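# Model the structure of this input:
(chains A and B)
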There are 2 protein chains.
Amino acid sequence: MKEPALRHFCEQVFVKLGVPPGDARVTTDVLVLADLRGIESHGVARLPRYVTGIKEGFMKPVDRSRIVRETKATALLDAELSLGQVVGKKGMDLAIKKAKETAVGIVSVRNSNHYGIAGYYALLALEHDLIGMSMTNAAPLVVPTFGRTSILGTNPIAIAVPGGREEPFVLDMATSVVPRGKLEVLDRAGKPMPLGWAVDETGKGSTDPTKVLGALAKRLGGGLLPLGGEGEAFSGHKGYGLALMVDVLSGVLSGAATGLQVYADEKVPNVGHFFLALDPAAFRPLEEFTRDMDRLARELKASPKAEGLSRIYVAGEKSAARTERHRKEGIPLSPKVVEQMKKIGGELGVPGPA
Amino acid sequence: MKEPALRHFCEQVFVKLGVPPGDARVTTDVLVLADLRGIESHGVARLPRYVTGIKEGFMKPVDRSRIVRETKATALLDAELSLGQVVGKKGMDLAIKKAKETAVGIVSVRNSNHYGIAGYYALLALEHDLIGMSMTNAAPLVVPTFGRTSILGTNPIAIAVPGGREEPFVLDMATSVVPRGKLEVLDRAGKPMPLGWAVDETGKGSTDPTKVLGALAKRLGGGLLPLGGEGEAFSGHKGYGLALMVDVLSGVLSGAATGLQVYADEKVPNVGHFFLALDPAAFRPLEEFTRDMDRLARELKASPKAEGLSRIYVAGEKSAARTERHRKEGIPLSPKVVEQMKKIGGELGVPGPA
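Got it, this is the predicted structure:
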């Protein structure tokens, strides 16, 4: 589907649900950027979730967020159940404003909803020649090292750093080995998954995505493994540590829910976010900074390739290439996602998507 | 060896080499804390390296670091080849001072030397009820995903967060699957290593630590894998992205060396560091923050264990227990390390270590 048509449809849906046009555009921006960059799991495939959230009242269509505490370099926002994308952009924009005035801005958000891809907010900093970071906690899916119950979310870390002629360095990663979506794909295909992605209810590595997803859905135990895998042999405890770091900076710092409390009450998800903007020009002239970013990226990409491989990437390159391709050729959507959209459009009286 | 004897010996060595007593104490602090916490590779085993560095003149015994740029929330220090530990503590202390005044402090350091364990600096923040972070780049040992030459260092990330009654959350992790030291242990024992720790000169996974270490030493290619392992199947590209993030924040932000340039000239290592201090009380009352840290730690630790396992840890717990044990029972040092120390003591006319 062409990007403008997809955008137009989503915006109309949000407006029909009572979201003011500007905020409908922001929410759409975040969803469509996920599809453009190839993170389908966080794209318009999630539209039904937002429609339900707004209809059921635990996502507020009109932004109710407010600043609770503020210093020159920091702020705490209470989202008051507003849309995660709207309050997320507001939080990052505030961090950016502070970084422009004070060199650093850190904004923490509590009482929010799912905010889409973490990368969206980090990327906002680039337009201002700033380094951007964003993290969020999420519903429990990840098992701590030596455990057998998912306590932490896939808790992503995103960072975007301005470059010169090279693509900017944009890392947007869940702190689990893989997202749940990868298990779902294999489940639908009836295929096994590699050992090292997830554990079953006993806490042992499993190759059966159907079993793991089933147990997760029923909260019987098991779940995704943190980056580094099972146990400590390949440093799964580091991924677990990173996931916990994200929960601390997103949840504990803001006073949002943490661990099992995130989405424990579906009507009050109480998700927490963390936003940071940093001005590299407070340390050195921007053109020297971007020149060295380019040099480092080129050094990595020009280095010898592993046998049989032809290219080394810097984080963000693949997503940028996908975005360009999807802008030109259209965004590939599964028939199921298109069907969902038609159903939503029918219910709300929004024509299309064309 | 008992901690006080070890401290006394190291301090005297540094003083004999021309390091002022206060700075000798700081440098010793960092080395001994590594041994206390069980990171032997970064403890007094490295003393010869510092002795050589000072003797050969690329580690300056008297601190020459200076502030190049400064704002209320940020500073750039040029270490001017001073000892990494001395300028590292100075950098973190400055970040802490700024966080107390401005809620956040970020200090970037260039032209430094190896600074020991990243965790030391993050831990300094705890005494002030602040969150501390520290990162550093390092000599190339880690191969980018799809590559076969080590370009990045084991580039650690450390974060320390104040707790209440529970141990504070202290994550201090290299962004590689394992440190080089783990290969050295197996090499000496003549044992193979697990597939997924390192690649050989062709970029393929290897189980032969002797071969990988030999090729690394001769710069023939190969090296350690980033957290997540080889290729993308278990998200090695995420560990690679994290290692690059550390190089960007430590090296590019400060104008230090990056990638292959770190230690390219042994006499001008030009290592870069990154320090951050953040005041949680700028967001919410400290006692609420530490209460929620404790609750989250307890929730993780009390959750069901994987079959056959009896305990779930929070990052920092194992190191805190080791520190307590080593303080009471003495620090275990290998005969080789003790021999090295005796040799250094003999050369410098420092008696002991007792």
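# Tell me who's in contact with the most centrally placed residue in chain A.
Closest residue to the average C-alpha location of chain A: A:Ile117 at 2.6 Å, with Cα atoms, centre = their mean. By Cβ atoms under 8 Å, 6 or more residues apart in numbering or on different chains, the contact set of A:Ile117 is A:30, A:33-34, A:37, A:39, A:42, A:156, A:158, A:172. (Glycine included, C-beta is placed from N, CA and C.)
# What backbone torsions are found at it?
When read as degrees, to the nearest 10, the backbone of A:Ile117 gives phi -80, psi 130.
# now the helices for chain A?
In chain A, the helices defined using DSSP state H lie at A:3-16, A:21-37, A:47-56, A:84-102, A:118-124, A:180-189, A:209-217, A:236-247, A:286-302, A:317-329, A:335-348.
# quick one on the thing from earlier: distance check, the residue nearest to the centre of chain A against A:Gln261.
23 Å (Cβ to Cβ, to the nearest Å).
# A:Leu152 now?
Noted for A:Leu152: a distance of 11 Å to A:Gln261, by Cβ to Cβ.
# For A:Val107, give the beta-bridge partners.
A:Val107 has these beta-bridge partners by DSSP bridges: A:Ala75, A:Phe275.
# Contacts only, for it.
Counting by Cβ under 8 Å, 6+ apart, A:Val107 has contacts A:74-77, A:91-92, A:94-95, A:98, A:274-276.
# Please point out which parts of the helix or strand bottoming out on mean pLDDT in chain A sit buried.
Lowest mean confidence among the helices and strands of chain A (mean pLDDT, DSSP states H and E): helix A:180-189, at a mean of 92. By 16 or more other Cβ atoms under 10 Å in any protein chain shown, the buried positions in helix A:180-189 come out as A:180, A:182-183, A:186-187.
# cool, and stretch A:347-354?
Per 16+ other Cβ under 10 Å, stretch A:347-354 contains these buried residues: A:350, A:353.
# what stretches of the stretch 1-150 of chain A score poorly on pLDDT?
Within the stretch 1-150 of chain A, not a single segment meets pLDDT under 70.
# Around chain B, which positions in it sit nearby?
Neighbours of chain B within the stretch 1-150 of chain A, by Cβ under 8 Å from any Cβ of the partner chain: A:69, A:71-74, A:76, A:102-104, A:106, A:108, A:131, A:144-149.
# count of neighbours near A:Val20?
Wrong residue type there; residue A:20 is Pro, not Val. 14 (other Cβ atoms under 10 Å in any protein chain shown).
# residues touching the nearest residue to it once chain neighbours are set aside, list them.
Excluding its sequence neighbours, the residue lying closest to A:Pro20 (Cβ to Cβ, 6 or more residues apart in numbering or on different chains) is A:Val62, at 6.5 Å. When contacts are counted by Cβ under 8 Å, 6+ apart, A:Val62 touches A:18-20, A:23, A:82.
# picking up where we left off before, which of the buried residues of helix A:180-189 sit farthest apart?
The two members of these with the most space between them (Cβ to Cβ) are A:Arg180 and A:Leu186, at 11.1 Å.
# shared neighbours, these two?
Common neighbours of A:Arg180 and A:Leu186 (Cβ under 8 Å, 6+ apart) do not exist.
# What parts of the stretch 251-354 of chain A come near chain B?
A:251-255, A:258-260, A:278-280, A:282-284, A:288-289, A:292-293, A:295-296, A:299-300, A:303-307, A:309, A:311-315.
# redo that, cut-off 6 Å
Applying Cβ under 6 Å from any Cβ of the partner chain, we find that the stretch 251-354 of chain A lies next to chain B at A:252-253, A:255, A:258-259, A:280, A:282-284, A:292-293, A:296, A:299-300, A:303-304, A:306-307, A:309, A:312, A:315.
# what separates A:His237 from B:Arg298, distance-wise?
For A:His237, the distance to B:Arg298 - Cβ to Cβ - is 18 Å.
# Tell me which of the two has more neighbours.
Between A:His237 and B:Arg298, counting by other Cβ under 10 Å, A:His237 is the more crowded of the two (20 against 14).
# Nearest residue to that one in space, please, no chain neighbours.
A:Thr145 (4.5 Å).
# Kindly report the same for A:Glu287.
A:Gly164 (7.6 Å).
# how deep is the one you found tucked in, by neighbour count?
15.
# That one: what's it in contact with?
A:290-291, A:294 (Cβ atoms under 6 Å, 6 or more residues apart in numbering or on different chains).
# repeat that with 8 Å
Counting by Cβ under 8 Å, 6+ apart, the residues that A:Gly164 touches are A:287, A:290-291, A:293-294.
# any chance of the residues you listed in a markdown table, plus distance to A:Gly330 and pLDDT?
Listed next are the contacts of A:Gly164 as a markdown table, based on distance: Cβ to Cβ, whole Å; pLDDT from 0 to 100:
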| residue | distance to A:Gly330 | pLDDT |
| --- | --- | --- |
| A:Glu287 | 37 | 98 |
| A:Thr290 | 32 | 98 |
| A:Arg291 | 36 | 98 |
| A:Met293 | 32 | 98 |
| A:Asp294 | 31 | 98 |
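# Now, of these, which are buried?
Of these, these count as buried by 16+ other Cβ under 10 Å: A:290, A:293-294.
# between these, which is closest to B:Glu230?
A:Met293 (26.3 Å).
# Pull the contacting residues for A:Gln261.
A:Asn270.
# one step back: make CSV from the helices of chain A and add distance to B:Lys218 to it.
Output for the helices of chain A, formatted as CSV (distance: least, Cβ to Cβ, whole Å):
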stretch, distance to B:Lys218
helix A:3-16, 51
helix A:21-37, 41
helix A:47-56, 55
helix A:84-102, 45
helix A:118-124, 39
helix A:180-189, 39
helix A:209-217, 44
helix A:236-247, 29
helix A:286-302, 20
helix A:317-329, 31
helix A:335-348, 53
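# Of these, which is nearest B:Ile331?
Among these, if distance is taken as Cβ to Cβ, the winner is helix A:236-247, at 23.2 Å.
# who's in contact with that closest one?
So helix A:236-247 is contacted by A:135-137, A:142, A:144-145, A:152-157, A:175-177, A:225-230, A:258-259, A:274, B:157, B:159, B:169, B:171, B:173, B:227-228, B:242, B:296, B:300, B:313-315 (Cβ under 8 Å, 6+ apart).
# re the thing from before, out of the helices of chain A, which comes closest to B:Pro335?
helix A:236-247 (29.9 Å).
# Export the closest one to PDB, keeping only CA atoms.
Listed in PDB are the C-alpha atoms of helix A:236-247, where the atom choice follows Å, rounded to 0.1, in the frame of the first residue of the first chain:
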ATOM      1  CA  GLY A 236      22.300 -14.000  29.000                       C
ATOM      2  CA  HIS A 237      22.700 -12.200  32.300                       C
ATOM      3  CA  LYS A 238      23.900  -9.200  30.400                       C
ATOM      4  CA  GLY A 239      20.700  -9.000  28.300                       C
ATOM      5  CA  TYR A 240      18.700  -9.500  31.500                       C
ATOM      6  CA  GLY A 241      20.700  -6.600  33.100                       C
ATOM      7  CA  LEU A 242      20.000  -4.400  30.200                       C
ATOM      8  CA  ALA A 243      16.200  -5.200  30.300                       C
ATOM      9  CA  LEU A 244      16.200  -4.400  34.000                       C
ATOM     10  CA  MET A 245      18.100  -1.100  33.300                       C
ATOM     11  CA  VAL A 246      15.400  -0.100  30.900                       C
ATOM     12  CA  ASP A 247      12.700  -1.000  33.500                       C
END
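# centre of the chain versus it, how much separation?
16 Å (Cα atoms, centre = their mean, to the nearest Å).
# ok and it relative to helix B:286-302, angle-wise?
150 degrees (axes from the mean of the first three to the mean of the last three Cα atoms, to 10 degrees).
# what about helix A:236-247, average pLDDT?
The pLDDT scores in helix A:236-247 average 98.
# Go through the contacts of A:Val62 and name the one nearest chain B.
A:Ser82 (18.6 Å; Cβ to the nearest Cβ).
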